[in-house]
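Student: sharing a sequence plus its predicted fold:
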Amino acid sequence: MATSPPFPTYPPSPGDGVLRHPHWWQRRWARYGALSTLLALSGLVILALVRRQTGTEGFLVGLGLAVLPVPWLIAAFRWLDRVEPGPWRNLVFSFAWGACAAALIAIVANSFATKWIATSTADPASADTLGATVIAPIVEESAKAAAVLLVFLFRRRDFTGIVDGVVIAGVTATGFAFTENILYLGTAFGTDQLTGDRGIASVTAATFFVRIVMSPFAHPLFTVLTGIGFGVAALSAERQHARRVLLPVCGLLLAMGMHAFWNGSSTFGEYGFFAVYGAFMVPAFAVVTWLAIWTRQRELRTVRAELPTYVLAGWLGPAEPLALGSMRARRMARDYARHHHGRPAAREVARYEACATSLAFLRHRGRKGKAGPDFVVRERELLDELWKRRDVARPALEYASRASVPVPVYWGAAPPYGYPAVPYPAYNPYRT
């Protein structure tokens, strides 16, 4: 049964239907094992390096202070991703890559480059300035962008737009900033131990105020620009190869430029840091935040616009498109299921909502001519997931639609755009 306009069919690849045995390095367990080993080794090495520079006591103080903004930042990015939640494994990988692999690359490369410049120019002060304003932005943003690239390439099904790019990039940068803050705060504490400074006049207090209170969003803001580039590339058609390459590169270059400008603010005079913070960083943060929220609202509009086709085909109920296009109604549906059937039912409703959202985005890409060769297979997978959960999810969504988004049912004549033209169907699409 066709549920959408016909899309180009793709001829089977040579050898289809022939049982293949992939090499051991192509198996999922081998890839997961290699990646986990790499991150674990990077974590152990970065732990040893930071502890050697800060001392055990400084490391513990830095760890306790650096962890404070992490839950808030993760919660903010997770909230942004609520329309089509990505799997937790992608977020865990991103945070681990930023905290371990990217931080290790940055520490080693920055130290090597700064020492090489100091030796070549015999001017350590200039080497430190050049390292902070040129070397560090290039190395650090490239290391963080590697996580976004890996998710984009190997988890393409989970990377479908700008919000996904923002979330993956932001979580990666949060992990990187976490490790970097341990180093800075631990070093500051060690300095205070030597000088005897205490309280608000200490280097630790000043470092905490600048890095944790004033600018916990700095690293996420830089890397989010790279994520936006990858997100726009994900929305591009498969045949637009130049666009899919150039947009992420442009985003990375913008991230490097903003990072360099921020690092160089301390060289702009006595009040250069505060001037850059107030006139540049805060407005940039506001613009990026607005863009992310606007994109999230646009995703909800896409859900409301694309799902009515599946209502007419009998896969969804008439009230579901508008209910699934409202975050308030979604939350009410989960609460209803939890109250009447327990937490497992609420999880089933959440999964139903996520699959319906993915289905709407998939159809939207198909209508724009941007569907991949697996469009039909992926559509059927998502429809099957919805059908398995319909008995739990439909009553919850029906209740939520009545309570939060009243939907009139139109009979006969064509209804206004976005409203279903049929009542709740008893029709079973599997019988056709």
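Tutor: In hand now; what should we look at?

Student: for the residue nearest the centre of the chain, what are its contacts?
Tutor: By CA atoms, centre = their mean, the chain has its centre lying nearest to V167, at 1.9 Å. By CB atoms under 8 Å, 6 or more residues apart in numbering, V167 lies in contact with 77-78, 80-81, 86, 91, 227. Every C-beta, even on glycine, is put in place using the N, C-alpha and C of the backbone.

Student: quick one: low-confidence parts of the stretch 51-200 of the chain?
Tutor: Along the stretch 51-200 of the chain, the model assigns pLDDT under 70 to residues 122, 125.

Student: A109: neighbour count?
Tutor: 17 (other CB atoms under 10 Å).

Student: so what's it up against?
Tutor: 135, 139, 143.

Student: looking at those, spot the one nearest W97.
Tutor: Here the nearest of the contacts of A109 to W97, counting by CB to CB, is A143; it sits at 8.6 Å.

Student: was I right about the closest one contacting C100?
Tutor: No - A143 is beyond contact range of C100, at 10.7 Å (criterion: CB atoms under 8 Å).

Student: quick check: buried residues in the strand or helix carrying the residue nearest to the centre of the chain?
Tutor: Per DSSP states H and E, V167 falls inside helix 162-195. Burial within helix 162-195, assessed by neighbour count using 16 or more other CB atoms under 10 Å, is assigned to 162-190, 192.

Student: ok so, going back, need the contacts of A109 in a markdown table with secondary structure and distance to A109, can you?
Tutor: Below are the contacts of A109 laid out as a markdown table (DSSP: H, G, I helix; E, B strand; the rest coil; distance: CB to CB, whole Å):
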| residue | secondary structure | distance to A109 |
| --- | --- | --- |
| I135 | helix | 8 |
| V139 | helix | 4 |
| A143 | helix | 8 |
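
Student: kindly write the ChimeraX command that selects the buried subset of these.
Tutor: The ChimeraX selection below is limited to those of those classed as buried (16+ other CB under 10 Å):
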select :135,139,143
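
Student: which one of the contacts of A109 is nearest to S404?
Tutor: Scanning the contacts of A109 for proximity to S404, where the rule is CB to CB, the winner is A143, at 43.9 Å.

Student: what about the nearest residue to the closest one once chain neighbours are set aside, neighbour count?
Tutor: Spatial nearest neighbour of A143, excluding adjacent residues (CB to CB, 6 or more residues apart in numbering): A102 at 3.8 Å. By other CB under 10 Å, 30 other residues sit near A102.

Student: ok, A102 to G175 distance?
Tutor: Plainly put, A102 is 8 Å away from G175 if you go by CB to CB, to the nearest Å.

Student: what of V67?
Tutor: Counting by CB to CB - V67 and G175 are separated by 11 Å.

Student: do L291 as well
Tutor: Taking CB to CB, one finds L291 at 22 Å from G175.

Student: again, but for A237
Tutor: A237 is 32 Å from G175, by CB to CB.

Student: and the strands in the protein?
Tutor: Applying DSSP state E to the chain gives no strands.

Student: now the helix of greatest length in it: buried residues?
Tutor: Ranked by residue count under DSSP state H, the longest helix found in the chain is helix 28-66. For helix 28-66, burial by neighbour count (16+ other CB under 10 Å) applies to 35, 39, 42-43, 45-46, 49-51, 54-55, 58-59, 61-63, 65-66.

Student: for stretch 336-344, same thing?
Tutor: 336-338.

Student: what does it rub up against?
Tutor: Taking CB under 8 Å, 6+ apart as the rule, stretch 336-344 contacts 345-346, 348-349, 392-393, 395-396, 399-400.

Student: one more pass at 10 Å, please.
Tutor: 334, 345-350, 352, 392-393, 395-400, 403 (CB atoms under 10 Å, 6 or more residues apart in numbering).

Student: ok, F59 touching L65?
Tutor: No - the pair F59 / L65 is not scored as a contact, 11.1 Å apart, by CB atoms under 10 Å.

Student: which residues are in contact with each of the two?
Tutor: Common neighbours of F59 and L65 (CB under 10 Å, 6+ apart) are 182, 185-186, 189.

Student: isn't A205 up against D197?
Tutor: Yes - if you go by CB under 10 Å, A205 and D197 touch, sitting 8.7 Å apart.

Student: got any residues that touch both of the two?
Tutor: A188.

Student: sorry, back to before: what do V67 and G175 both touch?
Tutor: By CB under 10 Å, 6+ apart, no residue touches both V67 and G175.

Student: hang on, T357 packs against V303?
Tutor: Yes - look at T357 against V303 with CB under 10 Å: they come within range, at 5.6 Å.

Student: what sits in contact with each of the two?
Tutor: Listed as contacting both T357 and V303 by CB under 10 Å, 6+ apart are 83-84, 324-325, 330.

Student: quote the end-to-end distance of stretch 78-97.
Tutor: Counting by CA to CA, to the nearest Å, you get 18 Å between the two ends of stretch 78-97.
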